[in-house]
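K.L.:
sequence unknown, structure follows:
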């Protein structure tokens, strides 16, 4: 295993990470501004439509021969939101640059510790969001995806950062790029599914009443239709469920090669399996009469909580075969 570290590339990787966090933060702020302005603009639009529909109004053709009328500009909030989405895409590219440069600087796959694993998982979650939320009507959901991603990246960079270094001996296996990358993809997509289910429950709760004027009620009013949120959660879970399952299986095969057994009830293994079973229960409940909608969504949220618990508490507090994944 090559132990030479290219410090120049490592510094560029760190710079790309910092830039990515700042750009994604800017994207979050711009998209939040769009979310804040969108309701008032919709109210104004409804008022204009109702005013134009009153009987005492007379329709007038304002077109003047020989005069080219400029197309109306997009509303302020839409332009701000489009800029925020563009920044989000730039942030995704910068995070990819951070991951690639870390790998080039260490001559290994760049997911050998907690810092690198969280970066990869966040990148996978952002790519999943870019695919699933590509329609304009879903743009408001980016706020709720970027928020947990930025929290994860902040924790990763502030408390879990590891300097570029060779991978630990326990991880020197060809199974590392396979197992960890597959788990990261599944975990990242589960993040989008969890956010969608949480927002679905908010939309279906009493806060989803359009007559409510409190903070949560105003947020719920700006979300897409509840059925669309439920569909996003279901479809992303359908994709992530087998991917994460294969990740667990690959980990078991790696464990057999490294320690001579497929399963040892290591805390990380156990909670990963529990999370996978919870998601299996969600998919079953989602297709079962009487369990659809809110009951199934709560199961999906429970799976998301198990994933977060597995990521932080199991890796950072408990002692097990995955404790070497590294902090600092």
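P.N.:
Noted; the coordinates are in hand. It should be emphasised that the depicted structure is a prediction, and the values quoted were computed from it without experimental measurement. Residues are numbered from 1 along each chain as shown.
K.L.:
Spatially nearest residue to residue 95 (excluding sequence neighbours)?
P.N.:
Distance criterion C-beta to C-beta, 6 or more residues apart in numbering; nearest residue to residue 95, sequence neighbours excluded, is residue 20 at 4.2 Å. All C-beta spots, glycine's among them, are computed from the backbone N, C-alpha and C.
K.L.:
OK, contacts around that neighbour?
P.N.:
The contact partners of residue 20, taken as C-beta atoms under 8 Å, 6 or more residues apart in numbering, are 91-92, 94-95, 97-98, 153.
K.L.:
so which pair among these is furthest apart in space?
P.N.:
Distance extremes for those: the farthest pair is 97 and 153 at 14.1 Å, using C-beta to C-beta.
K.L.:
who has more neighbours, these two?
P.N.:
residue 153 (25 against 17; other C-beta atoms under 10 Å).
K.L.:
From residue 282, how far out is that one?
P.N.:
Residue 153 sits 27 Å away from residue 282, going by C-beta to C-beta, to the nearest Å.
K.L.:
got it, and residue 173?
P.N.:
Counting by C-beta to C-beta - residue 173 and residue 282 are separated by 32 Å.
K.L.:
What spatial separation is found between residue 117 and residue 157?
P.N.:
For residue 117 relative to residue 157 (C-beta to C-beta), the value is 13 Å.
K.L.:
between the two, which one's more packed in?
P.N.:
Just comparing residue 117 and residue 157: by other C-beta under 10 Å the higher neighbour count belongs to residue 117, 23 against 18.
K.L.:
Which of the helices or strands spans that one?
P.N.:
helix 114-132 (DSSP states H and E).
K.L.:
now the angle between helix 114-132 and whichever helix or strand comes after that helix, please.
P.N.:
Tracing the chain past helix 114-132, the next element assigned as helix or strand by DSSP H and E is helix 142-159. Angle, helix 142-159 to helix 114-132, by axes from the mean of the first three to the mean of the last three C-alpha atoms, to 10 degrees: 170 degrees.
K.L.:
so what's the residue most central in space within the chain closest to, chain neighbours aside?
P.N.:
Nearest to the mean C-alpha position of the chain, by C-alpha atoms, centre = their mean, lies residue 125 at 3.9 Å. Nearest residue to residue 125, sequence neighbours excluded (C-beta to C-beta, 6+ apart): residue 188, at 3.5 Å.
K.L.:
I'd say the one you found and residue 130 touch.
P.N.:
No: using C-beta atoms under 8 Å, residue 188 is not in contact with residue 130, being 11.3 Å away.
K.L.:
the more surrounded of those two?
P.N.:
residue 188 (23 against 15).
K.L.:
Contacts only, for the more buried one.
P.N.:
120-128.
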